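Undergrad: got a sequence here, can you build the structure:
(4 chains)
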Protein chains: 2
Amino acid sequence: MSIATRKQREKEEMRSLILDAARTLFLEKGYFETSIRNIAEKIEYSPGTIYLYFKEKDDIFYALHQEGFRKLIAMMEPLQFVADPFERLTAMGRIYMEFAKNNKDFYDLMFIMQAPMNMEQDDCWVEGDHALEHLKQVLRDCQAAGRFQGKDIDDLSFFIWSTMHGMAALYCRERCQAYDDKDPLTLIDNSFKIFTEMLAKF
Amino acid sequence: MSIATRKQREKEEMRSLILDAARTLFLEKGYFETSIRNIAEKIEYSPGTIYLYFKEKDDIFYALHQEGFRKLIAMMEPLQFVADPFERLTAMGRIYMEFAKNNKDFYDLMFIMQAPMNMEQDDCWVEGDHALEHLKQVLRDCQAAGRFQGKDIDDLSFFIWSTMHGMAALYCRERCQAYDDKDPLTLIDNSFKIFTEMLAKF
DNA sequence: AAAGAAAATGAACACTGTTCATTTTTCCAA
DNA sequence: TTGGAAAAATGAACAGTGTTCATTTTCTTT
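TA: Now for the predicted structure:
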């Protein structure tokens, strides 16, 4: 192999090294509480080095943002084998909530954290758009099977996403404490059950 | 009036002065992007002075948190004149969403922002608990009128709150951009309509 | 081995929340 | 009215932040 390709590989390995350290620290102490110096120290490099691989701190955030979406989309793979559209919809919700519950901080990063400004115009949301399109297609399939007649797909998908996101967000940001004795996870499960029951009757 | 009471009053006025400046700046640039020095400069005092009235930056956050809840609870006042429980429930949802739409940053502060650690044990959530209890009571009234039979009040309230919060949170954190052409506010309105329709049939 | 390119460094800059010795202002008794 | 104590305000200092860049180190090529 040429030296150029090794260099290329080393460059990518260094990026991964930084990303791994950043992920660990972000998910441990949070984005704002993690400094570039913390990351640098963890990988035993100087702070300046990180800026040779990422333009700014937000860029690291963005890389993990994409990683999270790839993870979520991968978890959705098995859905293609669920024949019934409505069953596919509920399975999708279950997977979404499972992702949020097991990847609290990834979820936070993807859907709750204030997105850095430079993410707003660029192609940063392609993965997110992909996932949303997936939901909309399932809903179209449901409509083709006679469900949710006359409802706008955008409105409907936003409504369903909102409910899922609401549970996940209240969970991630510790607002379930309001139900002090109840376990947040069963609260979510029961709430999800009510939701599917309701959608089924609709 | 005694001097002691004037002192007392002046102390409170100073607190308000700081809070007013902080509110303006927080809602303008966000909590993390606002520094104590920014607040001090706005009120034309030295940074140190602020620490004579608030133990730390988070304390200012907490004060505004309470203010937001008082505001929301005040907006809920008229609900007592809505006789029908289900109508009261939908009206409640409408007010909640109205609050979120018109007080984006207050909403963010109250329900989305990572709450400072010292809030977790203290009596910081009394206002929040009050508001949640309000929702639960309305739901109990609905059940007394024959609606939502056999559903646990905690689960049900969490489900409904989640849906409202989901819309508000996606709105506040700019995730409605995913529907690029649609106006977020009408998206919310339409989604809310679907929700009430569904609850009515349930 | 020497020259040139690439990679890594760490001091420096302007900022952050917070503390605290010092100064200024206010109060009240003599 | 003045002296001294108490209260209020100050701003320098500390240890931290993201980011930049001249300098040094390491690697590659001739």
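Undergrad: going forward, measure contacts between C-alpha atoms and count neighbours the same way
TA: Noted.
Undergrad: which SS class is A:Glu33?
TA: Here A:Glu33 is recorded as coil under DSSP: H, G, I helix; E, B strand; the rest coil.
Undergrad: for stretch A:38-51, which positions count as buried?
TA: Under the neighbour-count criterion of 16 or more other CA atoms under 10 Å in any protein chain shown, stretch A:38-51 has A:39-40, A:42-43, A:50 buried.
Undergrad: list the buried ones in the helix-or-strand element of chain A with minimal mean pLDDT?
TA: Lowest by mean pLDDT, DSSP states H and E among the helices and strands of chain A is helix A:104-107, with a mean of 86. Burial within helix A:104-107, assessed by neighbour count using 16+ other CA under 10 Å, is assigned to A:104-107.
Undergrad: which residues touch the closest residue to DNA strand D within chain A?
TA: Here chain A gets closest to DNA strand D at one residue, A:Ser35, 3.0 Å apart by CA to the nearest atom of the strand. With contacts taken as CA atoms under 8 Å, 6 or more residues apart in numbering or on different chains, A:Ser35 has no neighbouring residues.
Undergrad: A:Glu56 versus that one, what's the distance?
TA: Distance of A:Ser35 to A:Glu56, computed by CA to CA, to the nearest Å: 12 Å.
Undergrad: could you do A:Ala63 as well?
TA: Taking CA to CA, one finds A:Ala63 at 11 Å from A:Glu56.
Undergrad: care to break chain A down by domain?
TA: According to automatic domain parsing, chain A comprises the domains A:1-54, A:58-201.
Undergrad: so does the first one get close to DNA strand C?
TA: If I follow you right, that is domain A:1-54. Yes. Contact of domain A:1-54 with DNA strand C is found when judged by CA under 7 Å from any atom of the strand, involving A:7, A:11, A:44-49, A:52.
Undergrad: what residue ranges in chain A score low on pLDDT?
TA: A:1, A:115-124 (pLDDT under 70).
Undergrad: which positions in it make contact with DNA strand C?
TA: So far as CA under 7 Å from any atom of the strand goes, chain A lies against DNA strand C at A:7, A:11, A:44-49, A:52.
Undergrad: so which of A:Ala63 and A:Glu56 has more stuff around it?
TA: Comparing A:Ala63 with A:Glu56 by neighbour count (other CA atoms under 10 Å in any protein chain shown), the higher total belongs to A:Ala63, at 15 against 12.
Undergrad: please, where are all the helices along chain A?
TA: For chain A, the helices defined by DSSP state H cover A:3-29, A:36-42, A:47-50, A:57-76, A:85-102, A:104-107, A:126-144, A:153-172, A:184-201.
Undergrad: in terms of secondary structure, what does the second one contact?
TA: Which is helix A:36-42. Under the contact definition 3 or more CA pairs under 8 Å, 6 or more residues apart in numbering or on different chains; DSSP states H and E, helix A:36-42 sits against helix A:3-29, helix A:47-50.
Undergrad: tell me who's in contact with the residue of chain A found nearest chain B.
TA: Among all residues of chain A, A:Gly166 sits closest to chain B, at 3.5 Å; criterion: CA to the nearest CA. Contacts for A:Gly166 were tallied using CA under 8 Å, 6+ apart; they are B:161-167, B:169.
Undergrad: just A:Phe61 next, same as before
TA: A:Leu109.
Undergrad: tell me the spacing between it and A:Cys172.
TA: 18 Å.
Undergrad: and for A:Ile160?
TA: Counting by CA to CA, the gap from A:Ile160 to A:Cys172 is 18 Å.
Undergrad: chain center to stretch A:19-39, what's the gap?
TA: Stretch A:19-39 sits 18 Å away from the centroid of its parent chain (CA atoms, centre = their mean, to the nearest Å).
Undergrad: most packed of the domains of chain A?
TA: Counting by mean count of other CA atoms under 10 Å in any protein chain shown, domain A:58-201 has the highest mean neighbour count of the domains of chain A, with a mean of 17.
Undergrad: start and end of that one, how far apart?
TA: 44 Å.
Undergrad: that older thread, between the helices and strands packed on helix A:36-42, which one is nearest to B:Leu132?
TA: helix A:3-29 (29.6 Å; CA to CA).
Undergrad: just checking, what packs against that closest one?
TA: Helices and strands touching helix A:3-29, as assessed by 3+ CA pairs under 8 Å, 6+ apart, comprise helix A:36-42, helix A:57-76.
Undergrad: swap the cut-off to 10 Å and go again
TA: Applying 3 or more CA pairs under 10 Å, 6 or more residues apart in numbering or on different chains; DSSP states H and E, one finds that helix A:3-29 contacts helix A:36-42, helix A:47-50, helix A:57-76, helix A:104-107.
Undergrad: same list, the ones you listed, but as TSV with distance to B:Ile194 please.
TA: TSV is the format used below for the helices and strands packed on helix A:3-29 (distance: least, CA to CA, whole Å):
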stretch	distance to B:Ile194
helix A:36-42	46
helix A:47-50	48
helix A:57-76	26
helix A:104-107	26
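Undergrad: ok, the nearest residue to A:Leu109 once chain neighbours are set aside - contacts?
TA: Nearest non-adjacent residue to A:Leu109, counting by CA to CA, 6 or more residues apart in numbering or on different chains: A:His65, 6.4 Å away. Shown in contact with A:His65 (CA atoms under 10 Å, 6 or more residues apart in numbering or on different chains): A:59, A:71, A:106-111, A:115, A:124-125, A:127-128.
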